[in-house]
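**Student:** The following block contains a protein sequence and its predicted model.
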Amino acid sequence: MNKEKLSIVVESGEDYSFTVYKPFTYKDVTVKKGFVSNGANVPRIAWSVVPPNYMAILPAIAVHDKLCKDGEFDKADMYFIEILELCDIPRYQFHILSKGVRGYSKYARPLLKKLSLYKQDDLNTPS
């Protein structure tokens, strides 16, 4: 997939959210027009390195959030990392984002499930 096909058209929302303005497809996933994402859940302390609505990674965020909403967490993480590889971002940002998603999947999601605090439709997953 070339970078031209990787572009996504969005509208900014409140609190760093965005709405997909034109459908975006990656492999077998289509993020439809009107889909709302809360952006990347990056801790505020790291926003100077990776902002929550970093335009270069919005395709990865949108696909990840859509798949998480559908309950396909493993696929969401895998596609997120694949799309990040295609994004024009510095390598250090790639590592921070990919390790963040993997860490959340390995530690936080199972803990939240165990504590019964986790809801499948909750988009509060890192992107």
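**Tutor:** Sure thing, it's come through. Numbering: from 1, shown residues only.
**Student:** Please tell me how far the residue of the chain most remote from its centre sits from Lys33.
**Tutor:** Ranked by distance from the centre of the chain (Cα atoms, centre = their mean), the top residue is Leu115, with 23.8 Å. Distance from Leu115 to Lys33, counting by Cβ to Cβ, to the nearest Å: 36 Å. From N, CA and C alone the C-beta is placed, and that goes for glycine too.
**Student:** Leu6 now?
**Tutor:** Leu6 is 17 Å from Lys33, by Cβ to Cβ.
**Student:** which one of the two has more residues nearby?
**Tutor:** It is Leu6, of Leu6 and Lys33, that has more neighbours when counted by other Cβ atoms under 10 Å, with 17 against 12.
**Student:** Can you check my assumption that the more buried one lies in a helix?
**Tutor:** No - going by DSSP: H, G, I helix; E, B strand; the rest coil, the assignment for Leu6 is coil, not a helix.
**Student:** Surely it is in contact with Leu86?
**Tutor:** Yes - with contact defined as Cβ atoms under 8 Å, Leu6 counts as touching Leu86 (5.4 Å).
**Student:** So for this protein, the centremost residue is which one?
**Tutor:** The centroid of the chain falls nearest to Ile61 when counting by Cα atoms, centre = their mean (2.4 Å).
**Student:** Could you list the low-confidence segments of this structure?
**Tutor:** 1-5, 11, 13, 16, 52, 116-127 (pLDDT under 70).
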